[in-house]
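Participant: Provided below for reference: sequence and predicted model.
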Amino acid sequence: MLNVFVLFATLLDLSAQDPMRFKKQIEAYKTIDEALDYQDVIVFTGSSSILFWKTLKVDFPNYNVINRGFGGSQFSDLIYFADQLILQYLPGKIFIYEGDNDIAYPKPVDSIFLDAKYLVSKIRRTLPNAEIHFIAPKPSVARWHLKDQYLTLIHEMKKWCSVDKKLHFVDVWAPMCDENGEVEAELFIGDKLHMNEKGYEIWKQVIRTYLD
């Protein structure tokens, strides 16, 4: 099975943007890393919903959480930078937010799902016992027209994680929708894509259960 993933990784760049567009952003973390406490690190990484989570350390004060988000990223970008953003810290827990931009790019759900599987295989070659948490793509007003693709990806990811004890699926989609299944517009800033404090409060409450 791993050979299939290796072949897929070789073909990855054919359907993805150049990951080197994030080079300066990734290099900026090197300076921060010089003062980092590497004891019992919990890594949060992924696209802008992680990058803009400025209160991450305040929200989880009892844990050594670090934010390694890079805005606009897709699964293929995180695969490329996994050594710098995940593996070097030797985390016991990893929280990943990708898939949102993949769908909007657009990429087919099957391709995104294969990216996620390859990322896990890459992490486990170095960190076989790490617990990997996939944060569900969030609903947003700006991308509500892509709802069906998001829900299909969520279904596949949830099913996959349910049969692997070290894989966890963190569902933030449902808590961000109202009783009719419609996205709560009040959770977003003016661009209707990125979250405000109310949105992150929901994330905090959901994710805390996976830390506690």
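Facilitator: Looks like it arrived, so ask away. Numbering: from 1, shown residues only.
Participant: Flag the shaky bits of this structure, pLDDT-wise.
Facilitator: Scanning the chain for pLDDT under 70 picks out the ranges 1-16.
Participant: how about the helices in it?
Facilitator: Listed in chain order, the helices found in the chain under DSSP state H are 2-11, 23-33, 48-51, 56-59, 75-80, 82-85, 100-104, 109-126, 147-161, 197-211.
Participant: Can you tell me how far the most centrally placed residue in the chain is from Gln39?
Facilitator: Centroid-nearest residue in the chain, with C-alpha atoms, centre = their mean: Tyr97, separated by 1.3 Å. Per C-beta to C-beta, to the nearest Å, Tyr97 is found 24 Å from Gln39. For every residue, glycine as well, the C-beta is placed using N, CA and C.
Participant: Isn't Val170 up against Gln205?
Facilitator: No - using C-beta atoms under 8 Å, Val170 makes no contact with Gln205, being 11.3 Å away.
Participant: Which one of the two is surrounded by more residues?
Facilitator: Val170 (20 against 12; other C-beta atoms under 10 Å).
Participant: Quick check on the residue of the chain most remote from its centre: phi, psi?
Facilitator: The outermost residue of the chain relative to its centre, with distances by C-alpha atoms, centre = their mean, is Asn180 at 26.2 Å. The phi/psi pair for Asn180 (degrees, to the nearest 10) reads phi -100, psi 0.
Participant: Could you double-check that Asp40 lies in contact with Gly92?
Facilitator: Yes - between Asp40 and Gly92 there is a contact at 6.5 Å, judged by C-beta under 8 Å.
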